[in-house]
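Visitor: Everything below, folded, please.
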Amino acid sequence: MSKLYARRRLSIAAALTGVIASVGLFHAPSASAALPTPVSAATARGYLSSLDVRTENRTGYNRDLFPHWITVSGTCNTRETILKRDGTNVVTDSSCASTSGSWYSPYDGATWSAASDVDIDHLVPLAEAWDSGAGSWTTAQRQAFANDRTRPQLLAVTDNVNQSKGDQDPATWMPSRSAYRCTYVRAWVQVKYHYDLSVDSAEKSALQGYLATC
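Guide: Numbering: from 1, shown residues only. From the prediction side, this is the model:
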């Protein structure tokens, strides 16, 4: 994994940004205290050029191979932590479940007042990660990926929008809200770069096209 660690060192500035953004997770968030800001378009273009281009392989994939929604603090798991981070005026009960608040979904521009209407999206889907190299990871590495709050990999979005996205990459799915697409592809490339994941040819072409307009 030396290649992965080298890439982590190269992207240390982005990682530090994510750590800073994570401070105060358990305070009432403001509109700006949401998803960690992804790398710039120029940096993303550089990262993308260095990613391996390979045909995807889903042999052996099972979502359970990515342990997710692990305990973060006390009774709060990853989902509940992201709901509180990405929401506004979120109130939780003793089990850390959100009982009130509001959530703005950057994918479609909708705002929701019930946590049940919100999914936590893995921006790079778990199946996509498997296809791109995570099949060779350890369980601990897959768990870290599935619960990554440092990079722009997890965010609260409208549930049926997340379900319509499924495991698609930017060659076949993009947020309907065009104002968010540049942010989305910058985040996508950052996550793939950090985890040393490959891209397929159609995915790379789509990413290059979107990044060219950022």
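
Visitor: Next up, phi/psi of the spatially closest residue to residue 214 that is not a sequence neighbour, please.
Guide: Of all residues not flanking residue 214 in the chain, residue 41 sits nearest, at 3.5 Å (CB to CB, 6 or more residues apart in numbering). The C-beta positions use only the backbone N, C-alpha and C, and glycine is treated the same way. Residue 41 adopts backbone torsions of phi -60, psi -40, taken as degrees, to the nearest 10.

Visitor: Kindly provide the distance from residue 41 to residue 179.
Guide: Distance, residue 41 to residue 179, using CB to CB, to the nearest Å: 14 Å.

Visitor: How about residue 35?
Guide: From residue 35 to residue 179 the distance is 14 Å (CB to CB).

Visitor: out of these two, which sits in the busier spot?
Guide: Comparing residue 35 with residue 179 by neighbour count (other CB atoms under 10 Å), the higher total belongs to residue 35, at 21 against 9.

Visitor: What does the pLDDT read for that one?
Guide: For residue 35, the pLDDT comes out at 72.

Visitor: if I pick it, what's in contact with it?
Guide: Each residue near residue 35 by CB atoms under 8 Å, 6 or more residues apart in numbering is listed here: 86, 106, 152, 154-155, 187.

Visitor: Could you pull out the helices in the chain for me?
Guide: Residue ranges of the helices in the chain, as given by DSSP state H, are 2-10, 12-22, 41-50, 78-86, 126-131, 139-146, 159-165, 181-194, 201-212.

Visitor: Can you read off the pLDDT for the residue positioned nearest the centre of the chain?
Guide: In the chain, the residue lying closest to the centroid (CA atoms, centre = their mean) is residue 153, at 1.5 Å. Predicted confidence (pLDDT) for residue 153: 97.

Visitor: what's it in contact with, if anything?
Guide: Residue 153 is in contact with 122-124, 145, 187, 191, counting by CB under 8 Å, 6+ apart.

Visitor: of the contacts of residue 35, closest to residue 210?
Guide: residue 187 (11.5 Å; CB to CB).

Visitor: Please tell me how far that closest one sits from residue 175.
Guide: 11 Å.

Visitor: Among the two, which residue is more densely surrounded?
Guide: Neighbours were counted for residue 187 and for residue 175 using other CB under 10 Å; residue 187 has more, 23 against 20.
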